[in-house]
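Asks: Here you go, sequence then predicted model.
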Amino acid sequence: MTRPIPGAIAQQLRRLVLAVGDADTRSLYREALRHLPLDIVEADDGRDALVQCLIEPPALLVADTHVSGIDGYQLCQLLRRDPATRAVSILVITSEGRPAELTRLRQLGATHILSKPVPLDGFCADVTRLCEGVAPDVTDEPVNDSAKPASRRFRRFETTAPLRVPPVLHCRTCDRLLEYQRSRVGGVSQSNPEQWDEFRCPGCASLFEYRYRTKHLRQEVD
């Protein structure tokens, strides 16, 4: 179900797909977000959420791990596999607290993870940052502990599904199109994230690193 939005205003709103099976919980999240400039599309199962993301890739997917049909784990995996949805930010809500399960979610492509019960103020703040293309804290646990220093809460990690889509670049030596390898994401805090993309030239086998902050492509020297 889509919240009706007047055409002139809809162009200014960011699309958010809310995939939560329980109607009361879904309504609670929607109400918490109502003051934000969002076009909220509700889905009560994972299949509907996937269809909505494929019809028009949203700025953000909010998904419960236990949503029916296609669960949150599968949604992450499917969206990251499809070039049309690879860059979609994914906020996963889970009752899991085991480090292995949280690591699994990140490896499948979750941009950010929140544990239940979800603090609504923090939820709204994280949704705002993710819709603006800024990743919240990256930690080994779901983010519910704001008492930790930012330097300890934000840690570097590697991914092949970064929040920022890697640019199209050419080799400085042979002008061949570079092949994207992986990204490293980190920084001093969630408000100042860094991203370094690694590329390889299929022609001369040269390695390159692209840094988003400086927009600089650096060739690796053996």
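Replies: The structure has been received and is ready for your questions.
Asks: Name the nearest residue to Leu28, sequence neighbours excluded.
Replies: Leu120 (7.7 Å; Cβ to Cβ, 6 or more residues apart in numbering). Any C-beta I mention is one placed from the backbone N, CA and C, and that applies to glycine too.
Asks: what are the phi and psi angles of the one you found?
Replies: The phi and psi values for Leu120, taken as degrees, to the nearest 10, are phi -70, psi -40.
Asks: Kindly report the same for Trp196.
Replies: Per degrees, to the nearest 10, the backbone of Trp196 is at phi -120, psi 120.
Asks: and it, what does it touch?
Replies: Applying Cβ atoms under 8 Å, 6 or more residues apart in numbering to Trp196 gives the contacts 183-185, 209-212.
Asks: Who is it paired with across the strands?
Replies: Per DSSP bridges, the residues bridged to Trp196 are Arg184, Arg211.
Asks: can you tell me how far it sits from Gln181?
Replies: Using Cβ to Cβ, to the nearest Å, we find Trp196 at a distance of 11 Å from Gln181.
Asks: what does Leu33 give?
Replies: From Leu33 to Gln181 the distance is 36 Å (Cβ to Cβ).
Asks: Compare these two and say which is more crowded by neighbours.
Replies: The neighbour comparison of Leu33 against Gln181 (other Cβ atoms under 10 Å) goes to Leu33, with 19 against 14.
Asks: Ramachandran coordinates for the more buried one?
Replies: Dihedral angles (degrees, to the nearest 10) for Leu33: phi -100, psi 0.
Asks: Then Leu75 would be within a helix, right?
Replies: Yes: counting by DSSP: H, G, I helix; E, B strand; the rest coil, Leu75 is part of a helix.
Asks: give the contact list for it.
Replies: Neighbouring residues of Leu75 by Cβ under 8 Å, 6+ apart: 19, 46, 49-50, 61, 63, 67, 90.
Asks: coming back round to it: list buried residues within the contacts of Trp196.
Replies: Neighbour-count burial (16 or more other Cβ atoms under 10 Å) is assigned, among the contacts of Trp196, to 183-185, 210, 212.
Asks: What is the nearest of those to Arg176?
Replies: Checking the buried ones among the contacts of Trp196 against Arg176 with Cβ to Cβ, the nearest one is Tyr210 at 15.6 Å.
Asks: Show the contacting residues for that closest one.
Replies: 166-167, 169, 196-199, 216-218.
Asks: And the spatially most central residue of the chain, how far from Ala110?
Replies: In the chain, the residue lying closest to the centroid (Cα atoms, centre = their mean) is Ser89, at 2.7 Å. Distance, Ser89 to Ala110, by Cβ to Cβ: 9 Å.
Asks: What of Gly46?
Replies: Gly46 sits 14 Å away from Ala110, going by Cβ to Cβ.
Asks: coming back round to it: now the residue nearest to the centre of the chain. Its backbone dihedrals?
Replies: phi -70, psi 140.
Asks: pretty sure it contacts Ala59?
Replies: Yes: Ser89 sits in contact with Ala59 when judged by Cβ atoms under 8 Å, with a separation of 6.7 Å.
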